[in-house]
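> no sequence for this one, just the structure:
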Ligand code: CO
């Protein structure tokens, strides 16, 4: 079941440069973490019930690195919170949608995530994210 907007992902060249704007709005960077298997550094900025996720590539070959090379900085993906990403993954496959990964993987904050290709969503890369019961695994 979809529970709401978890975060909005924004591709940036530099978290250190991009965060200045959000901090000028009075928002605070909660955490900066590296997700090595995604080739990305992530800064999470709480904003009401949702968060803004700044994505800085650590390599030009990473998905966010390629996005930046092609389109420049800007809106990268919308993430919806779900209570069962495996069930959503199965249901969306059954509906014939283009799912990006063979199965859900671990993303930032230890969440289980899956992505739906913009082709299947009307142009928006969609992330589905389920909070992990155990943050350490
Ligand atoms: Co995200």
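Okay, I see it. The structure presented is a predicted model; accordingly, all values stated were derived computationally and were not measured. Residues are numbered from 1 along each chain as shown.
> what's next to the helix or strand of the chain with the lowest mean pLDDT, contact-wise?
Across the helices and strands of the chain, mean confidence by mean pLDDT, DSSP states H and E is lowest for strand 105-106: a mean of 90. Residues outside strand 105-106 that contact it (C-beta atoms under 8 Å, 6 or more residues apart in numbering) are 37, 112, 113, 114, 132. In short, each C-beta sits where N, CA and C put it, glycine included.
> Show the contacting residues for the nearest residue to residue 124 once chain neighbours are set aside.
Closest residue to residue 124 apart from its sequence neighbours, by C-beta to C-beta, 6 or more residues apart in numbering: residue 78 at 5.3 Å. Residues in contact with residue 78 (C-beta under 8 Å, 6+ apart) are 5, 8, 9, 124, 125, 126, 127.
> Who wins on neighbours among the contacts of strand 105-106?
Of those, residue 114 is surrounded by the most neighbours, 24 neighbours in total, counting by other C-beta atoms under 10 Å.
> Could you confirm it falls within a strand?
Yes. Assessed with DSSP: H, G, I helix; E, B strand; the rest coil, residue 114 lies in a strand.
> quick one on the thing from earlier: of the contacts of strand 105-106, closest to the ion?
Among these, residue 113 lies closest to the ion (C-beta to the ion), at 7.0 Å.
> who's in contact with the residue lying closest to that closest one once chain neighbours are set aside?
Take residue 113 and drop its neighbours on the chain: the residue closest to it by C-beta to C-beta, 6+ apart is residue 107, 3.8 Å away. Applying C-beta under 8 Å, 6+ apart to residue 107 gives the contacts 35, 38, 113, 127, 129.
> Now do the same for the residue nearest to the spatial centre of the chain: helix, strand or coil?
Centre of the chain computed as the mean C-alpha position; nearest residue by C-alpha atoms, centre = their mean is residue 9, 5.2 Å away. Under three-state DSSP, the three-state class of residue 9 is strand.
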